[in-house]
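Chemist: okay, sequence plus prediction incoming.
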Amino acid sequence: MRLAKANPEVAAQDRADRLRRVRSAAQVLRIAFPAVQHIHLGLTFESSSRLTPASQLHQLHPPARAFFEFPCPYADCGGTFDLTAAVNLALADLARHSEGVLNCEGLRPLTYAERQLCGLRLIYTVDATFYPK
């Protein structure tokens, strides 16, 4: 039996499809976290490459899905950044804030036949705002 070589386009599509399925199955914020008015996610990237991805800001309101996994911004990488634990920490913290650093564990092509660890660093902040009591 012969296995086909992994096609990067197929792998990227599989990752996108998986993220779409999981996101659509997630509860909306108003059900998962009824007291939350909105969640602000700030994503800043650091790379040893000249081409570092731009920062991202995400503002999630009650109709948004309670899904906090983001694909690596490098199109040729299969990694993701899961901020679920960071969001839960911010929601449990009296300051309603968490921050930290994650490293992408995805693989990027080094040559046609070789791949290397992506290693893109994500510096994130999570701020939650609750409805007044």
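Modeler: Nice, thanks for sending it over.

Chemist: show me the helices in this structure, by range?
Modeler: For the chain, the helices defined by DSSP state H occupy 8-25, 29-32, 84-92.

Chemist: number of nearby residues for His40?
Modeler: By the criterion of other C-beta atoms under 10 Å, His40 has 16 neighbours. Where C-beta positions appear, they are placed from N, C-alpha and C, glycine not excepted.

Chemist: count of residues packed around the residue nearest to Pro73 when sequence neighbours are not counted?
Modeler: The spatial neighbour of Pro73 that comes closest, neighbours along the chain excluded (C-beta to C-beta, 6 or more residues apart in numbering), is Pro53 at 3.7 Å. Per other C-beta under 10 Å, the neighbour tally for Pro53 reads 17.

Chemist: my read: Pro53 touches Tyr74, true?
Modeler: Yes. Judged on C-beta atoms under 8 Å, Pro53 makes contact with Tyr74 at a distance of 6.9 Å.

Chemist: and Leu91, what is it in contact with?
Modeler: Shown in contact with Leu91 (C-beta atoms under 8 Å, 6 or more residues apart in numbering): 33, 36, 128.

Chemist: Glu105 is nearest to which of the helices of the chain?
Modeler: Checking the helices of the chain against Glu105 by C-beta to C-beta gives helix 8-25 as the closest, at 12.9 Å.

Chemist: what's the closest one packed up against?
Modeler: If you count contacts as 3 or more C-beta pairs under 8 Å, 6 or more residues apart in numbering; DSSP states H and E, helix 8-25 packs onto strand 69-71.
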